[in-house]
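Asker: model the structure of this input:
(one chain, ligands or ions: 1)
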Amino acid sequence: MIRINKPEQAPENLIIDGKKRCISHCIAYSDNLKNPKKTKKKINFDSKIYGHSDVKETLIQSQNAKCCYCECKIYENGDIEHFRPKQAYRQFPGQPRQWPGYYWLAYEWDNLYLACKTCNQKHKNDLFPLYNPEDRAKNHQADLNKEKPILIDSGKENPSDFIKFQGEFAIGIDEEGRGKATIELLQLNRKALKESRKNKLIKLQKEQKNCKRLQDLLNVLNDTNQNLEITELIAELIEEIDQITIRINQSISPEEKFSEAIKCAFDTNFEFILGY
Ligand SMILES: [Zn+2]
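Answerer: Numbering: from 1, shown residues only. As a prediction, the model looks like this:
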(Lines give C-alpha, C1' and ligand atoms only; values in the text may rest on other atoms or scores of the structure.)
Protein backbone atom coordinates (compact mmCIF):
# COMPACT_ATOMS: atom_id res chain seq x y z
CA MET A 1 0.00 0.00 0.00
CA ILE A 2 1.17 3.51 -0.70
CA ARG A 3 -0.27 6.93 0.06
CA ILE A 4 -2.97 7.99 -2.38
CA ASN A 5 -3.45 11.63 -3.22
CA LYS A 6 -6.79 12.14 -4.87
CA PRO A 7 -7.77 15.58 -6.20
CA GLU A 8 -9.84 17.39 -3.57
CA GLN A 9 -12.55 18.16 -6.06
CA ALA A 10 -14.76 15.15 -6.73
CA PRO A 11 -15.62 14.26 -10.35
CA GLU A 12 -18.67 16.27 -11.39
CA ASN A 13 -21.09 13.35 -11.73
CA LEU A 14 -20.54 12.42 -8.07
CA ILE A 15 -21.37 15.97 -7.02
CA ILE A 16 -24.51 16.27 -9.16
CA ASP A 17 -25.98 12.78 -9.71
CA GLY A 18 -24.37 11.24 -6.61
CA LYS A 19 -25.87 13.86 -4.27
CA LYS A 20 -29.36 13.29 -5.70
CA ARG A 21 -29.12 9.51 -5.37
CA CYS A 22 -27.70 9.86 -1.88
CA ILE A 23 -30.76 11.86 -0.82
CA SER A 24 -33.04 9.15 -2.23
CA HIS A 25 -31.13 6.47 -0.28
CA CYS A 26 -31.46 8.48 2.95
CA ILE A 27 -35.23 8.80 2.37
CA ALA A 28 -35.45 5.05 1.64
CA TYR A 29 -33.62 4.33 4.90
CA SER A 30 -35.99 6.55 6.89
CA ASP A 31 -39.01 4.89 5.21
CA ASN A 32 -37.64 1.45 6.05
CA LEU A 33 -37.36 2.46 9.70
CA LYS A 34 -41.10 3.12 9.79
CA ASN A 35 -41.66 -0.49 8.80
CA PRO A 36 -39.51 -2.71 11.05
CA LYS A 37 -39.96 -5.70 8.75
CA LYS A 38 -38.17 -3.82 6.00
CA THR A 39 -35.08 -2.72 7.92
CA LYS A 40 -32.90 -5.25 6.12
CA LYS A 41 -34.17 -4.24 2.71
CA LYS A 42 -31.32 -3.76 0.32
CA ILE A 43 -30.78 -0.37 -1.19
CA ASN A 44 -30.42 -0.21 -4.96
CA PHE A 45 -27.21 1.67 -5.59
CA ASP A 46 -26.45 3.16 -8.97
CA SER A 47 -23.12 1.75 -10.15
CA LYS A 48 -23.28 4.04 -13.18
CA ILE A 49 -22.60 6.94 -10.81
CA TYR A 50 -19.77 5.64 -8.64
CA GLY A 51 -18.44 3.52 -11.54
CA HIS A 52 -18.61 6.40 -14.05
CA SER A 53 -15.63 6.56 -16.43
CA ASP A 54 -14.61 9.98 -15.00
CA VAL A 55 -14.45 8.49 -11.49
CA LYS A 56 -12.44 5.49 -12.67
CA GLU A 57 -10.10 7.56 -14.77
CA THR A 58 -9.39 9.99 -11.91
CA LEU A 59 -8.73 7.09 -9.53
CA ILE A 60 -6.45 5.37 -12.06
CA GLN A 61 -4.43 8.59 -12.30
CA SER A 62 -4.34 9.18 -8.53
CA GLN A 63 -3.39 5.59 -7.73
CA ASN A 64 -0.78 5.23 -10.48
CA ALA A 65 -2.99 2.53 -12.02
CA LYS A 66 -2.46 0.28 -8.99
CA CYS A 67 -4.77 -1.51 -6.57
CA CYS A 68 -5.17 0.65 -3.46
CA TYR A 69 -4.35 -2.35 -1.27
CA CYS A 70 -1.94 -4.80 -2.94
CA GLU A 71 -0.22 -2.47 -5.49
CA CYS A 72 -0.89 -4.79 -8.43
CA LYS A 73 -1.34 -2.95 -11.69
CA ILE A 74 -4.98 -2.42 -12.67
CA TYR A 75 -6.65 -0.27 -15.23
CA GLU A 76 -10.29 0.03 -16.38
CA ASN A 77 -10.99 -3.51 -15.16
CA GLY A 78 -10.40 -2.48 -11.54
CA ASP A 79 -13.34 -2.46 -9.11
CA ILE A 80 -14.58 0.66 -7.45
CA GLU A 81 -13.89 0.00 -3.79
CA HIS A 82 -16.03 1.58 -1.09
CA PHE A 83 -13.73 1.93 1.92
CA ARG A 84 -16.78 2.06 4.18
CA PRO A 85 -18.98 -0.61 2.58
CA LYS A 86 -22.20 0.75 1.12
CA GLN A 87 -24.66 -2.16 1.37
CA ALA A 88 -23.74 -4.00 4.58
CA TYR A 89 -20.70 -4.35 6.83
CA ARG A 90 -18.93 -6.97 8.90
CA GLN A 91 -16.85 -6.24 11.96
CA PHE A 92 -14.55 -9.21 11.29
CA PRO A 93 -14.27 -12.05 8.73
CA GLY A 94 -16.72 -14.85 9.41
CA GLN A 95 -19.09 -12.62 11.34
CA PRO A 96 -22.59 -12.03 10.00
CA ARG A 97 -23.31 -9.13 7.71
CA GLN A 98 -25.02 -6.18 9.31
CA TRP A 99 -27.50 -3.99 7.43
CA PRO A 100 -27.53 -1.31 6.36
CA GLY A 101 -23.99 -0.37 5.46
CA TYR A 102 -22.76 3.16 4.86
CA TYR A 103 -25.40 3.81 2.19
CA TRP A 104 -24.96 7.61 2.42
CA LEU A 105 -21.29 7.28 1.38
CA ALA A 106 -21.92 5.29 -1.81
CA TYR A 107 -21.04 8.27 -4.03
CA GLU A 108 -18.76 10.10 -1.60
CA TRP A 109 -15.39 10.88 -3.17
CA ASP A 110 -13.40 10.33 0.03
CA ASN A 111 -14.86 6.84 0.32
CA LEU A 112 -13.94 5.63 -3.17
CA TYR A 113 -10.82 3.87 -4.37
CA LEU A 114 -9.87 1.46 -7.10
CA ALA A 115 -8.99 -2.10 -6.11
CA CYS A 116 -8.19 -5.34 -7.88
CA LYS A 117 -10.94 -7.93 -7.96
CA THR A 118 -9.14 -10.26 -5.53
CA CYS A 119 -8.66 -7.56 -2.88
CA ASN A 120 -12.11 -6.09 -3.34
CA GLN A 121 -14.30 -9.15 -3.81
CA LYS A 122 -12.43 -11.84 -1.90
CA HIS A 123 -10.72 -10.08 1.00
CA LYS A 124 -11.94 -6.56 1.77
CA ASN A 125 -15.48 -7.04 0.55
CA ASP A 126 -17.79 -5.62 3.24
CA LEU A 127 -15.27 -5.75 6.08
CA PHE A 128 -15.01 -2.59 8.10
CA PRO A 129 -13.83 -3.30 11.63
CA LEU A 130 -13.76 -0.60 14.28
CA TYR A 131 -11.80 -0.52 17.53
CA ASN A 132 -15.05 0.10 19.30
CA PRO A 133 -18.06 -1.25 17.36
CA GLU A 134 -20.32 0.78 19.67
CA ASP A 135 -19.06 3.91 17.95
CA ARG A 136 -20.20 2.79 14.51
CA ALA A 137 -22.16 5.33 12.49
CA LYS A 138 -25.29 3.38 11.61
CA ASN A 139 -27.13 5.95 9.56
CA HIS A 140 -26.66 9.22 7.71
CA GLN A 141 -27.37 11.28 10.83
CA ALA A 142 -24.66 9.64 12.93
CA ASP A 143 -21.22 11.16 13.54
CA LEU A 144 -18.55 9.40 11.47
CA ASN A 145 -15.80 11.14 13.44
CA LYS A 146 -16.53 8.98 16.47
CA GLU A 147 -15.43 5.89 14.56
CA LYS A 148 -11.90 4.62 14.92
CA PRO A 149 -11.35 2.26 11.98
CA ILE A 150 -8.78 -0.51 12.15
CA LEU A 151 -8.01 -0.63 8.42
CA ILE A 152 -5.55 1.93 7.12
CA ASP A 153 -7.09 4.56 4.87
CA SER A 154 -4.35 5.30 2.35
CA GLY A 155 -6.16 8.43 1.18
CA LYS A 156 -5.77 9.97 4.64
CA GLU A 157 -2.85 8.15 6.21
CA ASN A 158 0.58 7.10 5.03
CA PRO A 159 0.62 3.28 4.89
CA SER A 160 4.42 3.26 5.32
CA ASP A 161 3.85 4.45 8.93
CA PHE A 162 2.07 1.13 9.54
CA ILE A 163 3.45 -1.42 7.07
CA LYS A 164 6.97 -2.21 5.92
CA PHE A 165 8.35 -5.07 3.86
CA GLN A 166 11.05 -7.56 4.73
CA GLY A 167 11.74 -9.01 1.32
CA GLU A 168 8.40 -10.18 -0.04
CA PHE A 169 6.73 -10.22 3.41
CA ALA A 170 4.55 -7.36 4.57
CA ILE A 171 4.92 -6.71 8.31
CA GLY A 172 3.04 -4.39 10.64
CA ILE A 173 5.24 -1.85 12.42
CA ASP A 174 2.95 0.40 14.45
CA GLU A 175 2.46 -0.20 18.17
CA GLU A 176 -1.30 -0.13 17.91
CA GLY A 177 -1.23 -3.08 15.49
CA ARG A 178 -3.24 -1.48 12.67
CA GLY A 179 -0.59 -2.43 10.10
CA LYS A 180 -0.63 -6.07 11.21
CA ALA A 181 -4.43 -6.15 11.27
CA THR A 182 -4.65 -4.58 7.80
CA ILE A 183 -2.20 -7.16 6.41
CA GLU A 184 -4.21 -10.01 7.93
CA LEU A 185 -7.65 -8.72 7.02
CA LEU A 186 -6.69 -8.01 3.40
CA GLN A 187 -4.40 -11.04 3.16
CA LEU A 188 -1.52 -8.92 1.89
CA ASN A 189 0.83 -11.88 2.41
CA ARG A 190 -1.22 -14.23 0.26
CA LYS A 191 0.84 -16.73 -1.69
CA ALA A 192 0.36 -15.26 -5.17
CA LEU A 193 1.33 -11.78 -3.98
CA LYS A 194 4.42 -12.98 -2.13
CA GLU A 195 5.57 -14.98 -5.17
CA SER A 196 5.05 -12.05 -7.46
CA ARG A 197 6.86 -9.63 -5.12
CA LYS A 198 9.72 -12.07 -4.64
CA ASN A 199 10.23 -12.54 -8.39
CA LYS A 200 10.38 -8.81 -8.89
CA LEU A 201 12.81 -8.29 -6.00
CA ILE A 202 15.15 -11.06 -7.13
CA LYS A 203 15.24 -9.58 -10.62
CA LEU A 204 16.17 -6.18 -9.18
CA GLN A 205 18.76 -7.66 -6.86
CA LYS A 206 20.43 -9.24 -9.92
CA GLU A 207 20.37 -5.87 -11.69
CA GLN A 208 21.95 -4.18 -8.69
CA LYS A 209 24.67 -6.82 -8.37
CA ASN A 210 25.36 -6.58 -12.08
CA CYS A 211 25.59 -2.80 -11.79
CA LYS A 212 28.17 -3.08 -8.98
CA ARG A 213 30.19 -5.62 -10.99
CA LEU A 214 30.26 -3.30 -14.00
CA GLN A 215 31.21 -0.37 -11.78
CA ASP A 216 34.17 -2.36 -10.37
CA LEU A 217 35.24 -3.24 -13.90
CA LEU A 218 35.02 0.39 -14.89
CA ASN A 219 37.21 1.40 -11.96
CA VAL A 220 39.85 -1.13 -13.00
CA LEU A 221 39.79 0.07 -16.60
CA ASN A 222 40.02 3.69 -15.54
CA ASP A 223 43.26 2.83 -13.71
CA THR A 224 44.88 1.09 -16.68
CA ASN A 225 46.82 2.65 -19.52
CA GLN A 226 44.31 4.00 -21.95
CA ASN A 227 44.28 3.04 -25.59
CA LEU A 228 41.50 3.37 -28.14
CA GLU A 229 40.08 -0.08 -27.39
CA ILE A 230 39.92 0.57 -23.64
CA THR A 231 38.44 4.03 -24.12
CA GLU A 232 35.65 2.50 -26.23
CA LEU A 233 35.08 -0.22 -23.62
CA ILE A 234 34.83 2.42 -20.88
CA ALA A 235 32.24 4.33 -22.90
CA GLU A 236 30.21 1.11 -23.36
CA LEU A 237 30.37 0.33 -19.65
CA ILE A 238 29.27 3.83 -18.67
CA GLU A 239 26.31 3.55 -21.04
CA GLU A 240 25.29 0.17 -19.61
CA ILE A 241 25.64 1.37 -16.00
CA ASP A 242 23.50 4.40 -16.85
CA GLN A 243 20.78 2.19 -18.34
CA ILE A 244 20.71 -0.09 -15.28
CA THR A 245 20.61 2.94 -12.96
CA ILE A 246 17.63 4.33 -14.88
CA ARG A 247 15.79 0.99 -14.55
CA ILE A 248 16.56 0.80 -10.81
CA ASN A 249 15.37 4.37 -10.21
CA GLN A 250 12.23 3.65 -12.22
CA SER A 251 11.50 0.57 -10.10
CA ILE A 252 11.02 2.60 -6.92
CA SER A 253 8.79 5.22 -8.53
CA PRO A 254 5.15 5.12 -7.35
CA GLU A 255 3.99 3.99 -10.80
CA GLU A 256 5.80 0.70 -10.41
CA LYS A 257 4.02 -2.44 -9.20
CA PHE A 258 4.99 -3.20 -5.56
CA SER A 259 7.01 0.04 -5.29
CA GLU A 260 6.81 0.05 -1.47
CA ALA A 261 8.28 -3.47 -1.17
CA ILE A 262 10.98 -2.52 -3.67
CA LYS A 263 11.81 0.67 -1.78
CA CYS A 264 12.12 -1.28 1.49
CA ALA A 265 14.39 -3.84 -0.25
CA PHE A 266 16.75 -1.12 -1.48
CA ASP A 267 16.66 0.64 1.91
CA THR A 268 17.89 -2.58 3.55
CA ASN A 269 20.27 -3.46 0.69
CA PHE A 270 18.24 -6.60 -0.05
CA GLU A 271 19.03 -7.93 3.43
CA PHE A 272 15.86 -10.01 3.52
CA ILE A 273 16.09 -11.53 0.05
CA LEU A 274 17.80 -14.87 -0.01
CA GLY A 275 20.42 -15.37 -2.71
CA TYR A 276 19.36 -16.50 -6.17
ZN1 LIG B 1 -5.33 -5.80 -4.85
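Asker: what's the spacing between residue 64 and the ion?
Answerer: Distance, residue 64 to the ion, by C-beta to the ion, to the nearest Å: 13 Å. Every residue, glycine included, has its C-beta placed from N, CA and C.
Asker: three-state assignment of that residue?
Answerer: Counting by DSSP: H, G, I helix; E, B strand; the rest coil, the backbone at residue 64 sits in coil.
Asker: which residues does it contact?
Answerer: The contact partners of residue 64, by C-beta atoms under 8 Å, 6 or more residues apart in numbering, come to 254, 255.
Asker: do the one 4 residues further on as well
Answerer: Residues touching residue 68, when contacts are defined by C-beta under 8 Å, 6+ apart, comprise 1, 4, 81, 113, 114, 115, 119, 154.
Asker: number of residues surrounding the third one?
Answerer: So the one you mean is residue 81. Neighbour count of residue 81, defined by other C-beta atoms under 10 Å: 22.
Asker: which helix or which strand is home to it?
Answerer: Secondary structure assignment for residue 81, by DSSP states H and E: strand 79-82.
Asker: so for that strand, mean pLDDT?
Answerer: In this model, strand 79-82 carries a mean pLDDT of 97.
Asker: what sits closest to the most centrally placed residue in the chain if chain neighbours are left out?
Answerer: Closest residue to the average C-alpha location of the chain: residue 68 at 2.3 Å, with C-alpha atoms, centre = their mean. Once flanking residues are discounted, residue 68 sits nearest to residue 113: 4.0 Å by C-beta to C-beta, 6 or more residues apart in numbering.
Asker: now do the contacts for the nearest residue to residue 144 once chain neighbours are set aside.
Answerer: Nearest residue to residue 144, sequence neighbours excluded (C-beta to C-beta, 6+ apart): residue 137, at 4.8 Å. Contacts for residue 137 (C-beta under 8 Å, 6+ apart) come out as 102, 143, 144, 146, 147.
Asker: would you map the strands across this structure?
Answerer: 79-82, 112-115, 163-166, 169-172 (DSSP state E).
Asker: pick the most deeply packed of those.
Answerer: Mean neighbour count, computed with mean count of other C-beta atoms under 10 Å, is highest for strand 112-115 among those, reaching a mean of 26.
Asker: partners of that one in the sheet?
Answerer: strand 79-82 (antiparallel) (DSSP bridges).
Asker: which of the contacts of residue 68 are close to the ion?
Answerer: residue 119 (C-beta under 5 Å from the ion).
Asker: wait, which of the contacts of residue 68 is closest to the ion?
Answerer: Closest approach to the ion among those (C-beta to the ion): residue 119, at 3.1 Å.
Asker: quick check: the gap between residue 259 and residue 193.
Answerer: As judged by C-beta to C-beta, to the nearest Å, residue 259 and residue 193 stand 14 Å apart.
Asker: neighbour count winner among the two?
Answerer: Shown here are residue 259 and residue 193; by other C-beta under 10 Å, residue 193 has more neighbours (22 against 19).
Asker: quick one, domains of the chain?
Answerer: 12-157, 191-267 (automatic domain parsing).
Asker: highest mean neighbour count out of those?
Answerer: Mean neighbour counts for the domains of the chain (mean count of other C-beta under 10 Å) peak at domain 12-157, with a mean of 17.
Asker: contacts for the helix or strand of the chain with the lowest mean pLDDT next, please.
Answerer: Here the helix or strand of the chain ranked lowest by mean pLDDT, DSSP states H and E is helix 19-34, holding a mean of 89. Helix 19-34 has contacts (C-beta under 8 Å, 6+ apart) with 38-39, 41, 43, 45-46, 49, 100, 103-104, 106-108, 139-140.
Asker: for residue 183, state which of these is nearest.
Answerer: residue 108 (26.1 Å; C-beta to C-beta).
Asker: mind checking pLDDT for the closest one?
Answerer: 97.
Asker: so which bits of this structure are right by the ion?
Answerer: 67, 69, 70, 116, 119.
Asker: may I see the residues you listed arranged in CSV, with pLDDT and distance to residue 243 as well?
Answerer: As requested, the residues of the chain next to the ion are exported to CSV (pLDDT from 0 to 100; distance: C-beta to C-beta, whole Å):
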residue, pLDDT, distance to residue 243
67, 97, 29
69, 98, 33
70, 98, 29
116, 97, 31
119, 97, 34
